[in-house]
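*Asks:* what follows is a predicted structure for the sequence shown.
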Amino acid sequence: MAAATLLGSLTSCTSLGGLGGLGGVSGTPGASGVRDPYFPRLGNGGYDVQHYTLTLDYAPDPGQGNSGERGGRGGRADHGGRADHGGRADHGGPAGRLTGTAEITARATQDLSAFNLDLHGLDVSSATVEGAEAAVNRAGNELTLRPDADLTEGETFTTVVRYSGNPATITDADNSQEGWLTTADGAVALGQPTGSMAWFPGNHHPSDKASYDITVTVPKGLKAISNGELKSERRAKDGRTAFAWRSGEPMASYLATVAIGAYETKTSRTPSGVPVYTAVDPTVTKGSAKVLATVPDVMEWGVKNFGPYPFSSTGAIVERGNDSAYALETQTKPVFPGAPNQGLLVHELAHQWFGNSVTPKSWRDMWLSEGFATYAEWMWAEDFENIPVRASFRRAFDEKANWAFPPANPPTAAHISDEPVYGRGAMVIHKIREAVGDDAFYDIVRGWTAAHRHGNASTDDFTAYVERKSGKDLKDVWDTWLYGQDKPTAR
């Protein structure tokens, strides 16, 4: 059947048997999910993405302006002590129109007769594999492509998908919002845990990391900010501007972002020469200036404590306080909802080591990212604010919410960003430090970020690494603090 008859708004599941006549079948379809414990249909099997080239054109809704506060929005959400991901803002307004081309370079990990991409809501107009038209089937968030000829295991292939529509805001199980969030003058894309599929097709599980080229064309007066480094800024005759960004290091798709608005941008460098790029909404520029000026110092402090910085640039994106309800560690440029305080900046920049370079293998391993980033806040407070780490530990220990469940075993997808993942996760890190001593602890931290640089790691990987590196049996730490159901009687 011709691909054109299956594209666009098709949502019913059509048997791949109805797509015959496109070459001999020797392979099998790739899996439609990677069986994540909380998001079993997220991601796809049968291939490993190497690189995404995303070419996007965005036209905001005519009702959006370049100045003034957005109406109809609530105040900044209370995160209940969490540094990021949580809370909800009202993004019920028009999303504008996104037109995109995704060129995906991948390697087949099995003989493939068909494979899936995750895509939410947007309409597909065409798809090719290795330059030949591919048959396409759409069922919910699953886009199934059948190439003209089977792909063989180990083969590198290129898929091109052209799509368009009004990108959606996705409400998570914990009632937070992600995906494509409209702002007063544009939009910001936030992907944790599933929102990246709202603006481009791909393999949207953190276990499949890739490099990215992202080019975004926006109307006159707006800027488009993304991960990595700005490679070019090209103006067209109609006044629109194309901003081309490149992320050469591997990145999980939930860490990819596009932020569109009338930002004030600034460039600088850390003392060791890493480029710093900040983009700030003009309404919060003054309030953000003092904290953002510390980015170079935080980065140098991070290198001292966590090991070499894993990326080729750093920075921040600061939106108005109502444009999202949480901060997110988007790679190289964390996104903040309004001017961040010092602790939040430290938390999100620490994620560049823990979460972004060393990425969880599954969403059950999220505590490894959040526990370390929260512990980084405690370390910074001890070094610069005269608050001992032990005092931060005692405060977290006394917080009832931190004992709702073990950090390495959230009960459902709605709980992966709850307090135990952060506060009790940080307590686990401190208990390791107490058990092994400071010298061994810092060797473990720097060794961990080096051993899994630009890769993925699980909780089991971490516990085995800590015991091997320290030479100690830490069963009590794991049983009591990481997996224990009950609060210990003593700190």
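*Replies:* In hand now; what should we look at?
*Asks:* just how off-centre is stretch 371-390 within its chain?
*Replies:* Stretch 371-390 sits 24 Å away from the centroid of its parent chain (CA atoms, centre = their mean, to the nearest Å).
*Asks:* residues contacting that stretch, please?
*Replies:* With contact meaning CB atoms under 8 Å, 6 or more residues apart in numbering, stretch 371-390 is reached by 83, 298, 301-302, 305-306, 329, 342-343, 346-348, 350-351, 353-355, 392-393, 407, 421-430. Yep, even glycine has a C-beta here, placed from its N, CA and C like the rest.
*Asks:* one more time with 6 Å, if that's ok
*Replies:* The contact list for stretch 371-390 (CB atoms under 6 Å, 6 or more residues apart in numbering) reads G343, V346, H347, A350, H351, F354, S392, Y422, G425, A426, V428, I429.
*Asks:* next, format those residues as a markdown table and append distance to N44, pLDDT and neighbour count.
*Replies:* Below are these laid out as a markdown table (distance: CB to CB, whole Å; pLDDT from 0 to 100; neighbours: other CB atoms under 10 Å):
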| residue | distance to N44 | pLDDT | neighbour count |
| --- | --- | --- | --- |
| G343 | 37 | 98 | 17 |
| V346 | 35 | 98 | 26 |
| H347 | 31 | 98 | 27 |
| A350 | 30 | 98 | 27 |
| H351 | 25 | 98 | 26 |
| F354 | 26 | 98 | 28 |
| S392 | 41 | 98 | 21 |
| Y422 | 30 | 98 | 32 |
| G425 | 29 | 98 | 27 |
| A426 | 33 | 98 | 27 |
| V428 | 32 | 98 | 27 |
| I429 | 33 | 98 | 26 |
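*Asks:* mind putting those residues in CSV, distance to L117 and secondary structure included?
*Replies:* Output for those, formatted as CSV (distance: CB to CB, whole Å; DSSP: H, G, I helix; E, B strand; the rest coil):
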residue, distance to L117, secondary structure
G343, 38, helix
V346, 36, helix
H347, 32, helix
A350, 32, helix
H351, 27, coil
F354, 28, strand
S392, 43, helix
Y422, 32, helix
G425, 32, helix
A426, 36, helix
V428, 36, helix
I429, 36, helix
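*Asks:* dump those residues to CSV, plus distance to P60.
*Replies:* Formatted as CSV, the contacts of stretch 371-390 follow (distance: CB to CB, whole Å):
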residue, distance to P60
G343, 33
V346, 33
H347, 31
A350, 33
H351, 29
F354, 35
S392, 42
Y422, 34
G425, 38
A426, 39
V428, 44
I429, 42
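*Asks:* list just the nearest of those residues to I104.
*Replies:* Closest approach between the contacts of stretch 371-390 and I104, by CB to CB: H351, at 25.6 Å.
*Asks:* I'd say that closest one and A327 touch.
*Replies:* No: in this structure, H351 is not within contact of A327 by CB atoms under 6 Å, at 9.6 Å.
*Asks:* okay, G27 and N44: tell me how far apart.
*Replies:* G27 sits 14 Å away from N44, going by CB to CB, to the nearest Å.
*Asks:* looking at those two, which one has more neighbours?
*Replies:* N44 (26 against 20; other CB atoms under 10 Å).
*Asks:* which residues does the more buried one contact?
*Replies:* Per CB under 6 Å, 6+ apart, neighbours of N44: G30, N116, N203.
*Asks:* again, only this time at 10 Å
*Replies:* Taking CB atoms under 10 Å, 6 or more residues apart in numbering, we find N44 in contact with 29-34, 106, 115-118, 142-144, 202-205, 208.
*Asks:* in ChimeraX, how would I select the buried members of those?
*Replies:* Buried members of the contacts of N44, defined by 16 or more other CB atoms under 10 Å, are picked up in ChimeraX with:
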select :29,30,32,33,34,106,115,116,117,118,142,143,144,202,203,204,205,208
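*Asks:* what ranges does the stretch 1-150 of the chain have for its strands?
*Replies:* Using DSSP state E, counting those that start in this stretch, the strands of the stretch 1-150 of the chain run over 28-29, 47-59, 97-108, 112-118, 123-129, 132-133, 135-139, 142-146.
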